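Chemist: Output the structure for:
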Amino acid sequence: MGSVPDMIKKQPTRIAILFPGQGSQVVGMTSELADTYPEILETFTEASVALGEDLWAICQDEEKLNQTQYTQPALLTASIAIWRILQQKIKDKPCYLAGHSLGEYSALCAANVLSLADAVKLVHKRGQLMQDAVVGIDTAMAAVLGLEDHRVENLCEQATEHVDDAIVGAANFNSPGQVVVSGNAAGVNAVIDKVQNTGKKAIPLKVSVPSHCALMEPASKALAAELAAIKFDQATIPVIQNRHARVETSAAGIKEALTEQLSQPVLWSKTMQELADKQINILIECGSGNVLSNLAKRQAHPIMSYPTDKPARLDKLLEVLS
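Modeler: Predicted structure coming up:
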C-alpha cells in the first residue's frame, strides 16, 4: 500500500488552511522562520505599527505574551506572517479556511475580509473585553477526555442546577472524546468531580479567561459595537466559522457569528467533519504550534495535517505538495 503522500498525489489536491487559537502561543514563535523568510519580520512590523505595541518584543516576553490582550494580536500576526509565506509557496489555492476561536480572526484576515491593521486592533480589544468581563470572578477551564459530547453537556447542566452559584458550559467540542468546559471555578470544579466519578479524566487548563461561556456575554455585547464600526469585505476564500460550523457570506452574518462565538462553544469537530464532507485531503496548520494538527488525527474522519511554524515542518509540507 502506498504512503499517505503517494495516495494524495493520485487524487486532486484539495487544501484547507487552519489557524490556531489561544493556547498555541510560545515564546519566540516564528523566530526560526524569520531567519529565512523576510515576510515574518515585515508582517510583525506592519502589525506593531497598527497596534502601537512592539509585537515582536512581546513574543519574546513570556509574562506579557500570556496576557490575553497581547496573546491574541501576537498569535494572529504570527499566523498571517506564515500565511504570507504559504501564498508564495503553494500553487493550489485553498478551498476553505477555518480558525479555532481566536484563529477565526486570522482566517478572516487571510481571506481579506479584514485588513491586518483592523484585525490586530480588533483582537487586542477583544482580549481586553474578555478580561474585563471576569474581573473579581474566580474562573476556570478544563479538558474532559473520554466522554461523549452530550454526556459532558449533561454534566454541565447538573453542575449548574445543583451547585450553588455554579456557571459552567461546554466551550470547545475539539474532537470525539475531547470537550473543554468553561465557567467559574465552582462550576468547573463540580464538573471535574463528576467526570472523575465516571472514571474518565478532566484536566484543568492554565488560562487567564474562561472563553466561550455565559461569563463572556458582557464581552460579547461590547464586541458587537466594535465590530459594527469596522468594514468587512467579501471573502476571497470561504471561511467556515465556529458558531455554526458553516460559511457565512454576508458581512452582517460574519459579524453576528463572531459576536456569538465569544459566549458560545467552538464547534471544531463539526468544522472538521464539514471539511471531510467537502473532500478536503490536506490540512495546513498556519500559525504557532501543532495543536490543530494533533486534533485532526482524532476526528471521526481524519485528514492529514501539516504544521508550518518551523523550517523543517514547512519543508516537509512543501515536499508533500510537490
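
Chemist: Leaving out chain neighbours, which residue sits closest to the residue most central in space within the chain?
Modeler: Here the mean C-alpha position of the chain is nearest to the C-alpha of His100 (Cα atoms, centre = their mean), at a distance of 2.3 Å. Of all residues not flanking His100 in the chain, Gly21 sits nearest, at 4.0 Å (Cβ to Cβ, 6 or more residues apart in numbering). The C-beta positions use only the backbone N, C-alpha and C, and glycine is treated the same way.

Chemist: just Ala257 next, same as before
Modeler: Take Ala257 and drop its neighbours on the chain: the residue closest to it by Cβ to Cβ, 6+ apart is Arg243, 4.0 Å away.

Chemist: is it true that that neighbour touches Lys255?
Modeler: No - when contacts are counted by Cβ atoms under 8 Å, Arg243 is not listed as touching Lys255 (11.0 Å).

Chemist: How is the protein divided into domains?
Modeler: The record's domain split for the chain, according to automatic domain parsing, is 10-133+215-321, 139-208.

Chemist: Reformat the ones you listed as JSON lines; add mean pLDDT.
Modeler: As requested, the domains of the chain are exported to JSON lines (pLDDT from 0 to 100):
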{"stretch": "domain 10-133+215-321", "mean pLDDT": "97"}
{"stretch": "domain 139-208", "mean pLDDT": "97"}
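
Chemist: Check the offset of the helix or strand that contains Ala171 from the chain's centre.
Modeler: Using DSSP states H and E, Ala171 maps to strand 168-175. Chain-centre distance of strand 168-175: 13 Å, with Cα atoms, centre = their mean, to the nearest Å.

Chemist: After that strand, heading C-terminal, what element do we hit next?
Modeler: Immediately after strand 168-175, counting by DSSP H and E, sits strand 178-184.

Chemist: Let me know whether the residue nearest to His100 touches Leu102 as I believe.
Modeler: Yes - under the criterion of Cβ under 8 Å, Gly21 makes contact with Leu102 at 4.2 Å.

Chemist: what do the two both touch?
Modeler: Among the neighbours of Gly21, those also in contact with Leu102 (Cβ atoms under 8 Å, 6 or more residues apart in numbering) are Leu75.

Chemist: What is the burial count for Leu97?
Modeler: Neighbour count for Leu97, taken as other Cβ atoms under 10 Å: 30.

Chemist: what comes up buried for stretch 125-137?
Modeler: Buried residues in stretch 125-137, counted by 16 or more other Cβ atoms under 10 Å: 125-130, 133-134.

Chemist: How far away from the center of its chain is that stretch?
Modeler: 18 Å.

Chemist: Take the buried residues of stretch 125-137 and keep only those in helices.
Modeler: Those of those mapping onto helices are 125-130, 133, per DSSP state H.

Chemist: could these go into CSV alongside distance to Pro238?
Modeler: Converted to CSV, these look like this (distance: Cβ to Cβ, whole Å):
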residue, distance to Pro238
Lys125, 26
Arg126, 23
Gly127, 26
Gln128, 30
Leu129, 27
Met130, 27
Ala133, 31
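
Chemist: of all these, which comes closest to Thr249?
Modeler: For those, the closest approach to Thr249 (Cβ to Cβ) belongs to Arg126, at 22.5 Å.
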